[in-house]
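**Student:** any chance you can model this:
(one chain, ligands or ions: 1)
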Amino acid sequence: MEGISAVLPGLAASATGDPSDGFPGGQFIGNMLASVGFDPSLLVKISVTITIIASMFGFLSNAWEGITQMSRFFSENFISSATIRSTDEAYVYLMRFLYSHNISTDSRLFGVTCRRNQLNPNYREHVRWNGQEGETDTDGEGFSIVEDSLGPKLKYNAAPGFSHFFYKHRLFLMQRKLKDDYYGFEEPDVDLTLFTIGRSPAALRSLLEEARAEYLRDRQSNTLIHTIVASYPPNWSVGHPRPPRSLDSVIIKKHDKDRLLKDMREYLAPNTVNWYHKHGLPYRRGYLFYGLPGAGKTSLTMALAYELNLPIYCLSLASTMMSDDNLLGLFARLPKRCIVLMEDIDSAGIDKRPGAGTRLYTALTSQDDEDDDEDAEEDIKKREERKKLQAFKQESTVTLSGLLNAIDGISSHEGRILIMTTNYRQLLDEALIRPGRVDMEIKFDFADIEVLEGVFKGVYADPDDLPDFIRGKEKMTEEEQLKKFHEKLDKLAQEFASRVPSGKFSPAQVQGYLLGHKSDPEEAMDCLDDWLKSKLQEIDLLEEAEKKAKERLDRAMERKVKELQKKKKERLKQERKEREEEEEEERQKKEEEEKEEDLRKGLVRRGTS
Ligand SMILES: Nc1ncnc2c1ncn2[C@@H]1O[C@H](COP(=O)(O)OP(=O)(O)OP(=O)(O)O)[C@@H](O)[C@H]1O
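**Tutor:** Numbers count the residues shown, from 1 in each chain. Sure thing, here's the model as predicted:
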């Protein structure tokens with residue numbers, strides 16, 4: 001009780017029943033607590049415990065503070081670190097490097113997914129790096145196929161948190177932190193920090209430099225394709241490597257290929273930029289590839305990119321992500337030397353009215369019906385063709401002025417090569433393809449004899465694919481075998497080109513047929529007549545249907561033209577009538593004025609006489 005008195009005299013006195021001791025009211029409170037069966041001494045024990053815990057906490061927090069300060073001192077003086085954001089290309093350098101050097105992590109924190117993320121090369125690098133051992137098959141892009149016979153495989157990637165690895169006998173720690181905005185987008189947006197022991201950042205730098213050099217060297221043997229990432233605002237992805245396509249494998253007229261390549265080489269030559277600037281010209285070059293679908297427009301772009309060692313930046317104006325501002329931003333973020341590929345440029349159906357936004361084709365199909373009677377025929381034709389296409393198009397909000405501004409406005413990017421492709425050149429606005437915006441046009445057409453021969457040779461170019469193509473080769477040297485192979489292939493190719501009618505098939509159609517017999521060119525020749533027969537029948541039917549459709553269109557056009565001409569006639573008649581009425585009114589008015597004048601003069605004369 002002594003202890004209690006010392007701590008809480010009022011309560012203690014109350015508890016002992018001595019009213020002279022304690023604080024006023026203490027006895028009352030003591031009685032109250034006693035009446036509910038609560039031992040007041042318990043309060044004292046609780047107070048003592050709290051005091052002890054508080055002092056321990058104070059001690060620990062001081063100790064923690066000390067540890068934090070020590071660790072800060074340690075990390076500031078003995079640890080170097082580098083931070084990379086996953087949207088940066090340097091992140092891919094590093095991931096690729098770790099993967100290709102089999103630098104493994106024993107991280108027990110990992111994320112799992114069975115989704116194949118096409119959009120996301122960074123993520124894919126993680127999957128590769130984090131040990132999908134045994135996946136020797138590739139998907140044509142050099143990356144492992146993510147499916148087996150059961151379905152999509154599980155993929156393990158480094159989860160946010162710490163992991164470690166050794167490189168050149170040195171310990172590196174890697175921390176990955178998810179950014180807050182990750183969940184909104186496709187990309188796993190993380191901050192990656194690499195740590196290593198040592199005051200000097202040299203070890204980190206050398207690791208990153210090595211990773212960069214290796215990546216860029218590697219890249220030269222591939223073509224990098226950048227697409228648009230669904231972020232806000234849209235940005236370029238870090239680039240998907242695609243296997244190279246050689247220029248020889250794209251068969252177009254030799255003359256076209258030569259002049260195109262010459263023009264591009266000249267443009268990219270080191271001194272050309274100075275020449276442009278000296279002449280006050282913006283350093284830009286644009287090309288239009290137009291014509292038949294499946295005739296090699298995309299393939300040629302890929303081959304040129306590989307030949308000239310340039311990355312490709314693909315833009316689709318039909319994307320719903322696209323607006324004038326976004327387009328401008330994307331152009332501004334292009335690297336110095338690259339190819340910008342705008343495929344199917346006609347699909348943008350650009351609205352010419354400034355500020356209208358693009359309601360694809362709707363504006364073009366509905367507007368100005370009556371005013372354009374000067375070029376009525378031309379306009380109707382265009383409108384009808386657009387209407388036919390309308391069903392297949394999406395909406396974008398790019399306007400023509402926005403597009404022109406991005407391509408060659410004041411603030412527009414310099415140094416790029418712009419390649420626009422379209423299957424419908426006739427639908428493009430003249431402003432878009434005027435010289436200066438499009439400096440060279442290449443037409444892609446049905447396969448002629450040169451293309452047919454080239455496509456045939458292209459499909460069967462590799463002797464290793466055709467071990468039984470030449471007979472009796474055992475007795476020949478390797479050189480002789482190769483010579484014989486090419487002689488036989490050339491002969492077959494010529495025969496093939498002479499049997500397939502020129503100007504009837506697209507190169508893609510021909511290639512499609514040959515791929516059905518890819519391991520036996522002779523079989524392809526044997527089956528050729530049957531294929532031609534069925535295809536030519538199809539073509540005849542199609543041509544017949546097209547002819548009918550064209551006749552219908554012509555008739556509709558004729559009707560429309562007549563209607564417009566009738567309207568114009570009526571309008572002219574109306575105008576003439578109005579003019580005549582006005583003239584009549586004018587004449588009457590003048591007559592009345594003259595009469596009045598005569599009358600006035602008569603009165604004046606009479607007055608004076
Ligand atoms: N001229 C050609 N030379 C070699 N291969 C060709 C040629 N044209 C088409 N091909 C083959 O046909 C396929 C389709 O070609 P590609 O995508 O380049 O055509 P495209 O003109 O871009 O078609 P689209 O206008 O429909 O986009 C590819 O596999 C390509 O290899």
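
**Student:** ramachandran angles for the residue in the stretch 251-400 of the chain positioned nearest to the ligand?
**Tutor:** Closest contact between the stretch 251-400 of the chain and the ligand, by Cβ to the nearest ligand atom, is at Gly296 (2.9 Å). Every residue, glycine included, has its C-beta placed from N, CA and C. For Gly296, the backbone dihedrals are phi 110, psi 20 (criterion: degrees, to the nearest 10).

**Student:** which non-adjacent residue is nearest it?
**Tutor:** In space, and not counting its chain neighbours, Gly296 is closest to Val250: 5.2 Å by Cβ to Cβ, 6 or more residues apart in numbering.

**Student:** that neighbour: neighbour count?
**Tutor:** Using other Cβ atoms under 10 Å, Val250 is surrounded by 22 other residues.

**Student:** list the contacts for it?
**Tutor:** Applying Cβ atoms under 8 Å, 6 or more residues apart in numbering to Val250 gives the contacts Lys257, Gly296, Ser299, Leu300, Ala303.

**Student:** mind putting those into CSV with pLDDT, secondary structure and neighbour count?
**Tutor:** CSV is the format used below for the contacts of Val250 (pLDDT from 0 to 100; DSSP: H, G, I helix; E, B strand; the rest coil; neighbours: other Cβ atoms under 10 Å):
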residue, pLDDT, secondary structure, neighbour count
Lys257, 93, helix, 18
Gly296, 93, coil, 25
Ser299, 94, helix, 20
Leu300, 96, helix, 25
Ala303, 95, helix, 22
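
**Student:** any idea which of the residues you listed is closest to Val604?
**Tutor:** Leu300 (92.8 Å; Cβ to Cβ).

**Student:** what sits against the closest one?
**Tutor:** Contacts of Leu300 by Cβ under 8 Å, 6+ apart are Val250, Ile252, Leu260, Phe289, Ile442.

**Student:** I'd say the second one and Asp445 touch.
**Tutor:** Right, the one you point to is Ile252. No - if you go by Cβ atoms under 8 Å, Ile252 and Asp445 don't touch, sitting 9.2 Å apart.

**Student:** of those two, who's got more company?
**Tutor:** More crowded of Ile252 and Asp445, by other Cβ under 10 Å: Ile252, with 24 against 15.

**Student:** now the more buried one. Nearest residue, chain neighbours left out?
**Tutor:** Gly296 (6.0 Å).

**Student:** can I get the contacts of Val250 in CSV including distance to Ile52?
**Tutor:** Conversion of those to CSV gives the following (distance: Cβ to Cβ, whole Å):
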residue, distance to Ile52
Lys257, 88
Gly296, 84
Ser299, 80
Leu300, 82
Ala303, 80
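
**Student:** now for the residues you listed: which two are most distant?
**Tutor:** Between all members of these, the farthest pair (by Cβ to Cβ) comes out as Lys257 and Ser299, at 11.9 Å.

**Student:** where does the stretch 51-200 of the chain have low pLDDT?
**Tutor:** 99, 102-149, 151-159, 179-188 (pLDDT under 70).

**Student:** now do the helices in it.
**Tutor:** 89-100, 121-129 (DSSP state H, counting those that start in this stretch).

**Student:** can you give me the buried ones in the longest one?
**Tutor:** Taking 16 or more other Cβ atoms under 10 Å as the basis for neighbour counts, the residues of helix 89-100 that come out buried are Glu89, Ala90, Tyr91, Val92, Tyr93, Leu94, Met95, Arg96, Phe97, Leu98, Tyr99.

**Student:** how far does stretch 192-211 sit from the chain's center?
**Tutor:** Averaging C-alpha positions (Cα atoms, centre = their mean, to the nearest Å) puts stretch 192-211 32 Å from its chain's average.

**Student:** and the contacts of that stretch?
**Tutor:** Taking Cβ under 8 Å, 6+ apart as the rule, stretch 192-211 contacts 75, 77-86, 90-91, 93-94, 96-98, 167, 170-177.

**Student:** and Leu418, what does it touch?
**Tutor:** Arg284, Arg285, Gly286, Tyr287, Ile339, Val340, Met342, Ile407.

**Student:** am I right that it is in a strand?
**Tutor:** Yes - Leu418: assigned to a strand according to DSSP: H, G, I helix; E, B strand; the rest coil.

**Student:** please report how far it lies from Tyr290.
**Tutor:** 14 Å (Cβ to Cβ, to the nearest Å).

**Student:** before we move on, what about Leu261?
**Tutor:** When Leu261 is compared with Tyr290 (using Cβ to Cβ), they lie 18 Å apart.

**Student:** burial count for the closest residue to Arg337 other than its chain neighbours?
**Tutor:** Counting by Cβ to Cβ, 6+ apart, Arg337 lies nearest to Gly415, which is 5.5 Å off, once chain neighbours are set aside. Per other Cβ under 10 Å, the neighbour tally for Gly415 reads 17.

**Student:** check Pro234 too.
**Tutor:** 19.
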